[in-house]
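Trainee: Give me a model of this one.
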Amino acid sequence: MVNNGVGIDIKNLSKSFGPVPVLKSLDLQIQPGEFVALVGKSGCGKSTLLRLISGLDSPDHGSVEIDNSKRQKINPEVRYLFQEARLLPWKTVLENVVLGSPMRDVNKAKQALQEVDLKGREDEWPAVLSGGQKQRTSLARALVGNPKVLLLDEPLGALDALTRINMQALIEKLWIEQGFTVVLVTHDVSEAVYLANRVILIEDGNIALDKLITLARPRARDSSFAYFEKHILDRVMKNKMTDPVVESFSI
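Mentor: Sure, this is the predicted structure:
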């Protein structure tokens with residue numbers, strides 16, 4: 001596997017919306033090329049953390065450093081994939097992807113579409129695409145900019161089960177081939193265990209669990225997979241008593 005990603009260093013990060021604190025003095029280090037999944041109940045702060053890393057929001061306190069540099073407002077090497085594809089309906093598939101290229105490079109856009117298995121769909125309109133095809137187009141738009149960091153905010157949440165599995169395999173394949181750093185927000189613990197090197201549970205604005213996933217790739221949903229899935233899900237659902245100190249261990 002190549003490693004073209006960059007590190008992310010989050011220090012003492014806090015964010016409130018009005019009187020409601022969402023993130024509370026959070027510290028997190030992500031290594032170059034690492035695949036990290038953020039899980040937790042709705043409203044725990046995981047999507048807020050993703051937006052702070054991207055520069056779409058600004059913290060109240062603390063800092064986000066990407067590749068040892070203070071995060072600029074918008075970093076072109078950091079790409080964000082939303083739950084909705086957010087394609088422009090008046091532009092073709094190819095034209096939507098070209099928008100992701102800083103140089104508006106049509107050839108690179110075509111290559112990105114080929115990488116997400118949409119070769120031959122360049123001249124179609126977003127309205128005729130399936131949900132999975134729209135997300136593939138959005139993923140191609142992110143890839144055409146040669147990202148160092150890819151931020152995924154539940155991009156597969158609205159897809160049917162089979163399409164979701166196919167998209168998970170595609171994301172893993174592209175990550176292995178291109179080596180960018182990935183931070184994924186998901187409610188699906190199984191998806192987090194399947195894709196990530198580390199699964200981090202955000203709870204009440206803090207890191208409650210930092211779990212290293214030591215499964216070999218390609219991953220099979222066997223007994224070892226079930227162990228990680230159950231351990232994390234139990235902690236999310238608080239089915240057993242745990243110390244409030246961050247857990248970090250593996251088998």
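Trainee: all strands for this protein, in order.
Mentor: Using DSSP state E, the strands of the chain run over 8-17, 20-30, 35-39, 61-66, 69-70, 78-81, 149-153, 181-185, 198-203, 206-212.
Trainee: between these, which gets nearest to Thr137?
Mentor: Among the strands of the chain, strand 78-81 comes nearest to Thr137, with 10.9 Å by Cβ to Cβ. Where you see a C-beta, it was placed from the backbone N, CA and C, and this is true even at glycine.
Trainee: Can you list the strands that that closest one pairs with?
Mentor: strand 149-153 (parallel) (DSSP bridges).
Trainee: re earlier: among the strands of the chain, which gets the worst mean confidence?
Mentor: When the strands of the chain are compared on mean pLDDT, strand 69-70 scores lowest, with a mean of 76.
Trainee: Tell me which other helices or strands it touches.
Mentor: Strand 69-70 sits against no helix or strand, with contacts defined as 3 or more Cβ pairs under 8 Å, 6 or more residues apart in numbering; DSSP states H and E.
Trainee: Quick check: Leu26 vs Glu203, distance?
Mentor: Note on Leu26: its distance to Glu203, by Cβ to Cβ, to the nearest Å, is 11 Å.
Trainee: same thing with Arg164?
Mentor: 25 Å.
Trainee: which one of Leu26 and Glu203 has more residues nearby?
Mentor: Leu26 (21 against 18; other Cβ atoms under 10 Å).
Trainee: hang on, the earlier thing: name the residues contacting each of Leu26 and Glu203.
Mentor: Residues touching both Leu26 and Glu203 (Cβ atoms under 8 Å, 6 or more residues apart in numbering): none.
Trainee: Tell me, domain by domain, which residues of the chain belong where.
Mentor: Using automatic domain parsing, the domain parsing of the chain gives 1-77+148-251, 84-146.
Trainee: what residue ranges in the stretch 101-250 of the chain score low on pLDDT?
Mentor: Residues of the stretch 101-250 of the chain meeting the criterion pLDDT under 70: 239-250.
Trainee: Let's have the strands of the chain in JSON lines, adding distance to Lys91.
Mentor: Output for these, formatted as JSON lines (distance: least, Cβ to Cβ, whole Å):
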{"stretch": "strand 8-17", "distance to Lys91": "32"}
{"stretch": "strand 20-30", "distance to Lys91": "33"}
{"stretch": "strand 35-39", "distance to Lys91": "31"}
{"stretch": "strand 61-66", "distance to Lys91": "29"}
{"stretch": "strand 69-70", "distance to Lys91": "33"}
{"stretch": "strand 78-81", "distance to Lys91": "18"}
{"stretch": "strand 149-153", "distance to Lys91": "22"}
{"stretch": "strand 181-185", "distance to Lys91": "27"}
{"stretch": "strand 198-203", "distance to Lys91": "36"}
{"stretch": "strand 206-212", "distance to Lys91": "40"}
